[in-house]
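K.L.:
Fold the stuff below for me.
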Amino acid sequence: MSALARPRTAAPVLPRARPLGRLAIAALHAELACSPKPGLVTPFSRGSHHDMDAGTFLRSLFALRGYFTAIAAQAATCADFAPLRQLGIQAERGMLAATGNVNTHRGAIFSLGLLVASAARLRADACPARSAEAVCDGVRQWRHALLQAPLDATSPGQRARARHAVPGVREQAAAGFPLLREVAVPALRAALADGLPRDAALLQTLMQLVAVTDDLNLLHRGGAEGLAFAQAQARGFLAAGGVRAADAPAHMARICNAFEQRRLSPGGSADLLACALFLLQQEAA
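P.N.:
Here you go, the predicted structure:
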């Protein structure tokens with residue numbers, strides 16, 4: 001076999017995959033650490049959740065620490081979707097085992113896993129474009145497989161998706177994550193460039209996502225009324241100046257209380273927030 005015909009091996013691939021894996025875990029940890037966040041778990045609050053806290057999330061992240069490196073290495077070696085999906089299934093099992101069957105990161109395993117895989121493909125193909133937008137667009141190479149993959153119709157998110165006839169994260173991925181390209185990444189990039197501290201930039205971006213996202217977790221917990229309430233609260237916060245407003249802390253405290261009273265939690269938006277942070281950080285990796 002000639003040198004050109006030899007398949008890629010794990011040895012040279014893994015060193016290139018590890019930085020992407022570390023960035024993915026770091027992005028998820030940054031999303032967890034960001035506080036306050038309406039309805040979401042932080043180091044200081046369970047948010048709207050009775051079955052999880054920051055410790056649960058940290059156990060999940062520890063269980064997932066090898067997954068993102070593995071999916072990066074697999075994608076760099078072979079672009080086939082099936083082994084990537086299998087790694088995601090295994091990661092979900094590991095997460096549930098670590099958390100006592102609590103779903104902390106199912107959405108991130110899917111979305112962030114695909115973005116890590118896309119970033120790894122760009123590097124394997126020596127593509128000069130490693131922008132956040134290029135990585136999102138790269139996920140479309142798996143469009144057909146994504147749309148054909150079986151769904152768990154019993155999951156809360158899929159039940160909400162079917163009941164309310166809205167597209168879910170699978171459709172977002174197949175389209176190259178337009179919410180990331182058009183909302184989250186530009187918002188986070190601008191907030192950081194404007195000199196906002198990271199937590200403030202993350203919160204500002206989160207609220208911009210909540211304002212426009214048909215978040216399946218919000219639909220599951222609050223129905224169409226809950227989603228509309230959450231979006232209106234986010235739009236009101238942004239219209240009042242967002243994190244830059246003088247009364248932003250008090251305004252956010254009121255929103256957090258309102259979300260918790262209604263048991264609302266924008267988990268889908270939180271996943272996209274972590275994805276956006278990963279996308280920006282991987283540009284320099």
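K.L.:
Which helix or strand contains Leu28?
P.N.:
Using DSSP states H and E, Leu28 maps to helix 10-33.
K.L.:
to the chain's geometric centre, what's the distance from whichever helix or strand comes after that helix?
P.N.:
Helices and strands here follow DSSP H and E; after helix 10-33, the next one along the chain is helix 54-64. Its chain's C-alpha centre and that of helix 54-64 lie 15 Å apart, by C-alpha atoms, centre = their mean, to the nearest Å.
K.L.:
Check stretch 178-197 too.
P.N.:
14 Å.
K.L.:
and what of stretch 105-112?
P.N.:
6 Å.
K.L.:
what packs against the helix or strand containing Gln86?
P.N.:
Using DSSP H and E, Gln86 falls within helix 81-99. In terms of contact count using 3 or more C-beta pairs under 8 Å, 6 or more residues apart in numbering; DSSP states H and E, helix 81-99 is assigned the packing partners helix 54-64, helix 67-77, helix 106-124, helix 143-148. Yep, even glycine has a C-beta here, placed from its N, CA and C like the rest.
K.L.:
Let me know which of those is the nearest to Ala270.
P.N.:
Proximity to Ala270 (C-beta to C-beta) singles out helix 106-124 among the helices and strands packed on helix 81-99, at 8.3 Å.
K.L.:
follow-up on the earlier one: residues in contact with the helix holding Leu28?
P.N.:
If you take C-beta atoms under 8 Å, 6 or more residues apart in numbering as the criterion, helix 10-33 is touched by 41-43, 54, 57-58, 61, 64-70, 72-73, 76-77, 105, 108, 112-113, 116, 119-120, 123-124, 198-199, 202, 270, 273-275, 277-278, 281-282, 285.
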